Each structure stands twice: as C-alpha cells, then as structure tokens.
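Enquirer: Following is a predicted model, sequence given first.
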Amino acid sequence: MEQIANIFVKSIFTENMIFAYFLGMCSYLAVSKTVKTASGLGLAVIFVLLITLPVNYLLDRYVLSPGALAWINPQWAEVDLGFLSFILFIAVIAAMVQLVEMVVEKFAPALYNNLGIFLPLIAVNCAILGASLFMQEREYGNILEVFSYALGSGIGWYLAIVSIAAIREKLSYSNIPAPMRGLGIAFIITGLMGIAFMSFMGLQT
C-alpha cells in the first residue's frame, strides 16, 4: 500500500507530466485561457489515462513482452512482440479518446464546442502516450500500481492546466508589456511553476 501511495504522490508532484517532462504542452498552452475549458480538458485527460494505462499494461504483460504469449501456448514462449508497442498503445488511446469525445458531445455540447479540435487531439497528446511508455519502462508490478500512476499523472496534468488557466485569467487584467502578452508570458509562468514543483523533490522516498 505504501508503494501505491508513493507512486501516486510522485506522479502528481515530482514526476508531473507538464512541469517535470513538459509532455502535453500543445493543449496545455492552447486550452488554458479559461478555467472552465481547462478543467473540462483536464478531466477528460484523467478519464483517458485511467482507461488506457490499465489496458496498455495488460497488453504489455500478456501480449507484447518477451515470453508473454506462453500462457496461450508454451511453444510461443520465445515470441517477442515488443515492436508493436507503439502501434497498439496508440490504437487503444485513439479508441478511448473517441469514446470521450462522443460522451462530451452528448452531455456537454458547450464544453465540446469550447475545446474544439483539442479534444480529439488528446489521441496524439504526448502526455498520454508518454504515461504508457513510462509505465512500460518502470515495470509496475500489478494493476493497482498502474491505476495509481494513471490517476496521479492525470491529476498532476489537471492541476497544471487549471493553475495556468487561473493565472492567465488574472493576467488579462494586468498591464503586461505588449511583446510578452499571450504565449510569451504563459511560457515564463510555466517555467516558474516548474521550478516551484521542483521543491517537491523531497517527497521522494
């Protein structure tokens, strides 16, 4: 249980997808103009991560890893389908994003219109694929650890985009020099927030 909690906390703070690895920056910067829109996209990312990471974990463990197919036939113990990881991971992510897009369009059409092209672009959000590849690289021992990492990564990304959106809403009332308005000041604030999140390094065990 301690290991699961450790993975969860680290994925939010010390291994934050935005501030530690700068993954998912395109949608992070483009959709963070208002808190409402940023919150909607952040929740969608959490949902996609919670579904895709466990599915990709099972794919990796029982299909893609060297010897993973031995449970089907002992003669296939030497088969290594690791070269299919990228294709299958992306296929799972794309399928889940399509599901999220249909649900949001059905139940929250206003949010769907506000997110625009960036909702289907979750399918190519490098934070989603990056989480799957980190999960594969770190060789988590069970599905609970994967769920913990998925939830923590999603919450970390959600905190990042909602935080920058809240700051950008306040900045709209500030007297910012013309050359720094828009993405310029957003990049500067992101860098400062990344430095602030480095203070959580002491949480590592």
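Expert: Okay, I see it. Please read these numbers as outputs of a predicted model, since none were measured by experiment.
Enquirer: from here on, contacts and neighbour counts on C-alpha atoms
Expert: Fine.
Enquirer: Any buried residues in the helix ranked longest in the chain, and which?
Expert: Using DSSP state H to assign secondary structure, the helix with the most residues in the chain is helix 143-171. Taking 16 or more other Cα atoms under 10 Å as the neighbour-count basis, helix 143-171 is seen to contain the buried residues 145-168.
Enquirer: how near is residue 86 to residue 92?
Expert: 10 Å (Cα to Cα, to the nearest Å).
Enquirer: In terms of neighbours, single out the busier of those two.
Expert: Neighbours were counted for residue 86 and for residue 92 using other Cα atoms under 10 Å; residue 92 has more, 18 against 12.
Enquirer: which residues sit against the helix or strand of the chain with the lowest mean pLDDT?
Expert: Least confident helix or strand of the chain, by mean pLDDT, DSSP states H and E, is helix 109-115 with a mean of 80. With Cα atoms under 8 Å, 6 or more residues apart in numbering as the contact definition, helix 109-115 has outside contacts at 31, 37, 40-41, 101, 104-105, 119.
Enquirer: again, but for stretch 24-40
Expert: For stretch 24-40, using Cα under 8 Å, 6+ apart, the contacting residues are 17-18, 41, 111, 114-115, 118, 125-128, 158, 161-162, 164-166, 168-169, 183, 186.
Enquirer: Three-state assignment for the residue of the chain positioned farthest from its centre, please.
Expert: The outermost residue of the chain relative to its centre, with distances by Cα atoms, centre = their mean, is residue 75 at 37.3 Å. Following DSSP: H, G, I helix; E, B strand; the rest coil, the label given to residue 75 is helix.
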